[in-house]
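Visitor: sequence isn't available, so here's the structure alone:
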């Protein structure tokens, strides 16, 4: 039972370069600022530091970057996938500790090599849309007010009165829908290349949902992988 959570794929992504996994949880404990890395995250960071750059195999990094290459967008420099930023942070001892749900997202992203986004479901809504970013689209992604240009970038959108509004992507998510201490329900996306084995993606999505239950105290959690595109009616 998916408790009404869904992820649609815009027709502009035909053929789709991405095989997404949707993860969701209800009734989580109030997220608090993380002071010390939980065991599952500390273990992942330790393994990454012991392995080095090869912790995320070059083959996976190449396929993830190819997934994002579209129009004028190039997944390099500051536009690299979040999973690559997390690996670099693990290797330099600067891994971000945020709060329970975000730590779960970052741990799964690090160990899978797949970028992920997580949102407050009461702000983003339970129905999301994947599409390409449009010209002149952007959003603020940090407290300093910095913005990211979304044109030709794979974006997750929430439904608003004005239409579908971007709130996340495989590089940086918007401030408007981020998880805070007020969050009680979350919805997340793992972005996998379309040629990713479904079984591998499902194993990481299942682990993600499990950690939302065991680490974040979710009353209900689950995931779905839309192997057949579901196109929006609007």
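Guide: Great, that's in hand. Note that the structure is a prediction, hence the values are computed from the model and not measured.
Visitor: look up phi and psi at the residue lying closest to residue 136 once chain neighbours are set aside.
Guide: For residue 136, ignoring the flanking residues on the chain, the nearest one in space by CB to CB, 6 or more residues apart in numbering is residue 151 at 7.2 Å. Where you see a C-beta, it was placed from the backbone N, CA and C, and this is true even at glycine. Residue 151 adopts backbone torsions of phi -60, psi 130, taken as degrees, to the nearest 10.
Visitor: I figured residue 151 was touching residue 135, is that so?
Guide: Yes - under the criterion of CB atoms under 8 Å, residue 151 makes contact with residue 135 at 5.1 Å.
Visitor: which one's more surrounded, those two?
Guide: Counted by other CB atoms under 10 Å, residue 151 and residue 135 do not tie: residue 151 has more neighbours, with 16 against 10.
Visitor: what's the distance between that one and residue 176?
Guide: Using CB to CB, to the nearest Å, one gets 19 Å for the distance from residue 151 to residue 176.
Visitor: can you list the strands that the helix or strand encompassing residue 223 pairs with?
Guide: Assigned by DSSP states H and E, residue 223 falls within strand 220-224. When pairs are called by DSSP bridges, strand 220-224 turns out to pair with strand 18-26 (antiparallel).
Visitor: tell me the mean pLDDT over the partner strand?
Guide: For strand 18-26, mean pLDDT is 97.
Visitor: hmm, back to that, show me which residues of the strand holding residue 223 are buried.
Guide: Buried residues in strand 220-224, counted by 16 or more other CB atoms under 10 Å: 220-224.
Visitor: quick one: contacts of it?
Guide: 1-3, 5-7, 21-27, 202, 205-206, 208-210, 212-213 (CB atoms under 8 Å, 6 or more residues apart in numbering).
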